[in-house]
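Asker: return atomic coordinates for the entry below.
(one chain, ligands or ions: 3)
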Amino acid sequence: MVAMVDSAADLDGMRAAGSAAASVLDMIGPYVQPGVTTEELDQICHSYIVDELHCIPAPLNYGGGGNQMPFPKSICTSVNHVVCHGIPTPSKKLKSGDVLNIDITVIKDGYHGDTSKMFFAGEASVLAKRLVKITQECLYRGIEAVRAGAYLGDIGYAIQKHAEANRFSVVREFCGHGIGRIFHDAPQVLHYGRKGSGVRLEEGMSFTIEPMINAGKRHIKVLPDQWTAVTKDHKMSAQWEHTLMVTADGCEIFTLREEERVCSN
Ligand code: MF3
Ligand code: CO
Ligand code: CO
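Answerer: Ligands and ions are numbered 1, 2, ... in the order given. Presented below is the predicted three-dimensional model:
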């Protein structure tokens, strides 16, 4: 069974969780400067999520099934060649030219809102700006493929086509996911694939799209901390993420920020 919004209460819940998560990304922007540590960014977001939004930061103590260590922080901070799931730490101080993803997931009244965006500390390189822009376009191309009657594969196809047309590569090991009362639910939303393949989209399905696009080769490895995924070639990686719901003629993006003027119908 895939994640579905199937009542007015679900819809209200997902809207509230999504806008809460989005507000954290708006709040943290001004703090992303050379000299700040990813630990400090985590602490600022944690306090905001708990004390201002009265939400739960979903990553904190997440996972940890089997032999895996639970995620120890409230947000993910993935700098430069870190693909995703970077763990905030006092030893990672941002310097000018760093590019990072901040990934926020909050739980509000039992519903999850999951979203991430890219930030620059100081001056970014031409390559970093291009990778970040193309990756955001990949997210939007994926979103534009969403409507009732389309297929999950249409999303992956649109993303892969745009990434590879720009000579970047798509990470295969992580994907978008159904989301609602459960953080990571079915379906898996691949960021590569074939048109017309996979699950047929129906009104009310809710999931994330969160392409990870590499400047170099697509291959990744996970560090011994069991979370931090990095590119094998140590070239830069970027990611953007939204939580959305399928509608008859497009989708409703629950995590849209004020600064975004994209709209999927
Ligand atoms: N927010 C991530 C996602 O987009 C998941 C983070 S899980 C964590 O699915 F444990 F690493 F925080
Ligand atoms: Co996600
Ligand atoms: Co996320």
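Asker: tell me the SS of the nearest residue to Trp240 once chain neighbours are set aside?
Answerer: Leaving aside its sequence neighbours, Trp240 sits nearest to Leu139 (C-beta to C-beta, 6 or more residues apart in numbering; 4.3 Å). Yep, even glycine has a C-beta here, placed from its N, CA and C like the rest. Taking DSSP: H, G, I helix; E, B strand; the rest coil as the rule, one finds Leu139 in the helix state.
Asker: repeat that for Ala163.
Answerer: Under three-state DSSP, Ala163 falls in the helix class.
Asker: how close does it sit to Thr243?
Answerer: 21 Å (C-beta to C-beta, to the nearest Å).
Asker: repeat that for Arg15.
Answerer: Distance from Arg15 to Thr243, by C-beta to C-beta: 10 Å.
Asker: and what of Glu164?
Answerer: According to C-beta to C-beta, Glu164 and Thr243 sit 26 Å apart.
Asker: more neighbours: which of these two?
Answerer: Using other C-beta atoms under 10 Å, the more surrounded residue of Glu164 and Thr243 is Thr243, with 29 against 14.
Asker: quick one, what contacts that one?
Answerer: By C-beta atoms under 8 Å, 6 or more residues apart in numbering, the residues touching Thr243 are 14, 17-18, 21, 112-115, 179, 206-208, 253-255.
Asker: ok, which of those residues also contact ligand 1?
Answerer: Asp114, Thr208 (C-beta under 6 Å from any ligand atom).
Asker: the contacts of Thr243 also near ligand 2: which ones?
Answerer: Asp114, Thr208 (C-beta under 5 Å from the ion).
Asker: now do the SS call for Gln43.
Answerer: For Gln43, the assignment made with three-state DSSP gives helix.
Asker: now the residue in the stretch 151-265 of the chain that ligand 3 sits nearest to: closest residue in space that isn't a chain neighbour?
Answerer: Taking C-beta to the ion, ligand 3 has its nearest neighbour within the stretch 151-265 of the chain at Glu241, 4.9 Å off. In this structure, Glu241 finds its nearest non-sequential neighbour in Glu210, 3.5 Å apart by C-beta to C-beta, 6+ apart.
Asker: do the same with Gly86
Answerer: In this structure, Gly86 finds its nearest non-sequential neighbour in Ser78, 3.7 Å apart by C-beta to C-beta, 6+ apart.
Asker: pretty sure that neighbour contacts Val99?
Answerer: No - assessed by C-beta atoms under 8 Å, Ser78 is found out of contact with Val99, at 9.5 Å.
Asker: looking at those two, which is more packed in?
Answerer: Ranked by neighbour count (other C-beta under 10 Å), Ser78 and Val99 place Ser78 first, with 26 against 23.
Asker: can you tell me which residues in the protein are near ligand 2?
Answerer: Asp114, Thr208, Glu210.
Asker: report the buried residues of stretch 207-217.
Answerer: Neighbour-count burial for stretch 207-217 flags Phe207, Thr208, Ile209, Glu210, Pro211, Met212, Ile213, Asn214, Ala215, Gly216 (criterion: 16 or more other C-beta atoms under 10 Å).
Asker: OK, contacts around the last one?
Answerer: It refers to Gly216. By C-beta under 8 Å, 6+ apart, the residues touching Gly216 are Ser169, Thr231, Asp233, Lys235, Met236.
Asker: and the residue of the stretch 1-150 of the chain nearest ligand 2?
Answerer: Asp114 (4.1 Å).
Asker: next, count neighbours for His54.
Answerer: By other C-beta under 10 Å, the residues close to His54 number 11.
Asker: okay, it: pLDDT?
Answerer: Note for His54: predicted pLDDT of 98.
Asker: just Asn265 next, same as before
Answerer: 44.
Asker: do the same with Gly193
Answerer: Note for Gly193: predicted pLDDT of 98.
Asker: again, but for Arg261
Answerer: 67.
Asker: over to Thr208?
Answerer: At Thr208, the pLDDT value in this model is 99.
Asker: could you point out which element follows the strand or helix carrying it?
Answerer: Here Thr208, judged by DSSP states H and E, is contained in strand 206-209. Per DSSP H and E, the first helix or strand lying C-terminal to strand 206-209 is strand 212-214.
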